[in-house]
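> Pasting a predicted model and its sequence here:
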Amino acid sequence: MDLSVVRRAEALGVAEGFQFKIIYKAEDLKVVANEIMEVEAVGVDLETTGLLPHASKIRLCSLNTGKGVYVVDLFETGGLGCVAQALAASKAVKVGQNLKFEQKMLMYHYGIELWPIFDTFRASNILYGGKKDLSHSLKDIYQRELPGNEAQKGDLGGSDWSGSLTAEQYLYSAQDVVHMLILRQNMKHKLVKAGLNRIALIEFQAVLPESSMELNGLYLDPVRWLELAAKHKIQMLENQEKALQILPHPKGQIALPGMVPSWNLRSPTQKLQALRLLGLNIDSTNELVLAMYAAEYPAVKALIAYTKASKMVTSFGESYLKHIDPSTGRIHTNYYPYLVSGRYSSSDPNLQQIPRHKDFRRCFAAPPGRVIVAADYSQIELRVLAEISGDRLLLSVYQQNRDAHRQTAALISDVALEEVTSEMRQYAKPVNFGLCVAAGQRVLTHVGLVPIEEVQDWHLVWDGIEWVHHDGVIFKGYKEVMSYDGLLATPDHEVYTDEGYKIPFRVAASPLYSGRLAVGGIEEVPIRYTAFDRRCREEGEIEGYVVRYDGTKVQESYKSLMPVYDILNAGPKHRFTVEGKIVSNCFGMGAPKLVTYAMKAYGVSMSEKQALRFREKYFQGYYGVREWHRKVVAEGQKTRMSHTLAGRLRYLEEDDYTEYINTPIQGSAADGLKSSLPLVYRRLQKYGGRAKLVHMVHDEIIIETDDDPEEVACIQKDLELGMLEGMQPFLSKVPVVVEGATGGSWGEAH
């Protein structure tokens, strides 16, 4: 060890305002280990020769015990020795930035587990969930939480840690932990004050099972995979030929028998030309547009099938095998716990996007002598919806152990439960998981007033604040409309008020409401409904008015059926100016999105007319869900925040009605899954390493274990119980159901 480098590094620390000691003798490790056993919290950080535990070594371990700051050089001491055992045995809180990295390294090289922990990276994500352009790097966290107590001034994390180190590298490692304990106290106070300590515990406890899964990896059978890739390639070519046989000849000629027109189906321009020759006058071939016409045009359905098969070849072809680590023969993905809703994603590769089809999942097999045990939550997001909305019908479905998809199929198809067919049930799935301005109304665009049915996607529309882009006009069909102050809309269409939230038009135009619309794009003044209110108050019950089921009044002469339109996704606030008044898109999954979702997720072709009817029937039957939608969106517009049942917070810096609804449902299910991971992990400890967590998706956990039938049955039971225990604290009104299975592959255990 070059002691001049040690002295210079420690002197640099003093110059920076703190002291640290470099540990390069094995006998000095005892001092550090003893301090770890005595203190309440210890800051931890590692510098390694690489990012993969099995292909790299730990070079430096930085520790802040509160009594001293130490940088242990493992190449000089011969390892961590008693410090590793102290980290595992101590009740001190281990504090660090993205501790999953440290946990994986220490688990692989020393077989130790870190607990309890405080992860500053996760704490920052919890405190500021959803805030855009906010970094959660250690440097930025220090600057945000402890101004003046900055971390490293330079980034040496990517430098070479395998050879002789510089004084600056030792200083860099020490700086990672020097303020870590103060940072923990600051962030802990904020978490408690915001009521987020329960979520923090859920996240911190998930680090250990996540680390274990990433280390264990998932086995992929390359032979089965190549067979599947070849099958998809054949399907792609067959779908291509089928599509070309249906499409017209490029020059309008009649094709000779056995000949097909030569379109390049990978070219959006050529696909558009082919469809226009069929008489389909559309301006785009994206999946949203094409899905609208799949039920009516066989050629469109064939094109969608070709595109899907082509994506399978591109995304899940032979090249996917490059993700298998040659040293382990397994795929080691990285789980990221912070999608905006709280859900997991994964990368390198994204194993959570593996198609659900058994042909794919049977490729993820257990090696010889091993089996797969898997369990998933039954319809967990629908159960969360029942819990959170309190809808009587949906609650009764689960409380009486009925099939929610059959119940919805009966609703949207107007049949009795016993009359529901398998096809009806399939249509109900996208409806379960998952109005508008009348024709002739003029929309303010950057080229002047344009009738809404003539608005194109290249027009900019005025949203009351600025000119915004949008995704085009979507025809909605004939609907009942009502009018007030020159604006025609459906009774359920919502309008913005100057208080900053939306209310149904029938409420805004009723004597029960005395608010104002937001500032219009033409008149530049708020529109108040006082004249309407005054007439109702002075004259009492006016002839010609009818009382609706909710008590609001609508003038009979204004009720009629008209073609209804909407502008899809008009800017970040989803609103636009019609006849001088600001209106907005309906929230939730509208008919266009439902059409696309049904095709993409379930391969179900439905027309927009069908989607509209299904959506209406759904909300008529599940009235509590509709009211919850309205309530949660109204609250979100006021607070710009959304919460899960466990209290997870998400900031929404702009109106996103879909996310106001999705976040409580998807996020609550994610909180339950994360809560179950450590419970399952602990239950598996009694099997002595034979049973290992190898993968998870949004509602499912997968284990690999030895092929011992008696023990496999016990492991399946432990998996199901752990998942039940993790989810049940969040659902008190509906039962949680976990369905487990075993098999030689992921596909067979499903």
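That came through, no problem.

> Assign residue 481 to helix, strand or coil.
Put simply, residue 481 is strand when judged by DSSP: H, G, I helix; E, B strand; the rest coil.

> any idea how far it lies from residue 440?
Counting by Cβ to Cβ, to the nearest Å, the gap between residue 481 and residue 440 amounts to 11 Å. Any C-beta I mention is one placed from the backbone N, CA and C, and that applies to glycine too.

> the more surrounded of these two?
Taking neighbours as other Cβ atoms under 10 Å, residue 481 and residue 440 compare with residue 481 leading, 25 against 13.

> who's the more buried one bridged to?
Residues in a beta bridge with residue 481, per DSSP bridges, are residue 560.

> any idea of the pLDDT on it?
At residue 481, the model reports a pLDDT of 70.

> buried sites along stretch 235-247?
By neighbour count on 16 or more other Cβ atoms under 10 Å, the buried set for stretch 235-247 is 235, 236, 239, 240, 242, 243, 244, 246, 247.

> Can you pick out the most distant pair from the residues you listed?
Largest separation among these by Cβ to Cβ: 235 and 247, giving 18.3 Å.

> For stretch 109-118, what does the pLDDT average out to?
97.

> chain center to that stretch: distance?
Between the centre of stretch 109-118 and the centre of its chain there are 28 Å (Cα atoms, centre = their mean, to the nearest Å).

> Residues contacting that stretch, please?
41, 44, 53, 57-58, 80, 84-85, 87-88, 91, 93-96, 99, 102-103, 106-107, 184, 187-188, 204, 207-208 (Cβ atoms under 8 Å, 6 or more residues apart in numbering).

> In ChimeraX, select just the buried ones from these.
Buried members of those, defined by 16+ other Cβ under 10 Å, are picked up in ChimeraX with:
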select :41,44,53,58,80,84,87,88,93,94,95,96,99,102,103,106,107,184,187,188,204,207,208
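
> Out of the contacts of stretch 109-118, which sit inside strands?
Using DSSP state E, 41, 44, 58, 93, 94, 95, 96 are the members of the contacts of stretch 109-118 that sit in strands.

> could those residues go into CSV alongside distance to residue 490 and pLDDT?
Shown next, in CSV, are the ones in strands among the contacts of stretch 109-118 (distance: Cβ to Cβ, whole Å; pLDDT from 0 to 100):
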residue, distance to residue 490, pLDDT
41, 58, 97
44, 59, 98
58, 64, 97
93, 56, 97
94, 57, 98
95, 55, 98
96, 54, 97
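
> now, which of those sits nearest residue 146?
Among the ones in strands among the contacts of stretch 109-118, residue 95 lies closest to residue 146 (Cβ to Cβ), at 13.4 Å.

> my guess is the closest one meets residue 122, correct?
No. Between residue 95 and residue 122 there is no contact under Cβ atoms under 8 Å: 11.6 Å.

> Helix or strand with the lowest mean pLDDT in this structure?
Least confident helix or strand of the chain, by mean pLDDT, DSSP states H and E, is strand 545-547 with a mean of 31.

> so where's the stretch 301-450 of the chain shaky on pLDDT?
Applying pLDDT under 70 to the stretch 301-450 of the chain picks out residues 430-436.

> Strands along that one, start to end?
With DSSP state E, counting those that start in this stretch, the ranges of strands along the stretch 301-450 of the chain come out as 324-325, 330-331, 334-336, 345-347, 370-377, 437-438, 442-445, 448-451.

> Partner strands of the fourth one and their direction?
So that's strand 345-347. With DSSP bridges as the test, strand 345-347 is paired with strand 334-336 (antiparallel).

> and what of the second one?
Each strand that strand 330-331 pairs with, and the sense of that pairing, follows from DSSP bridges: strand 218-219 (antiparallel), strand 324-325 (antiparallel).
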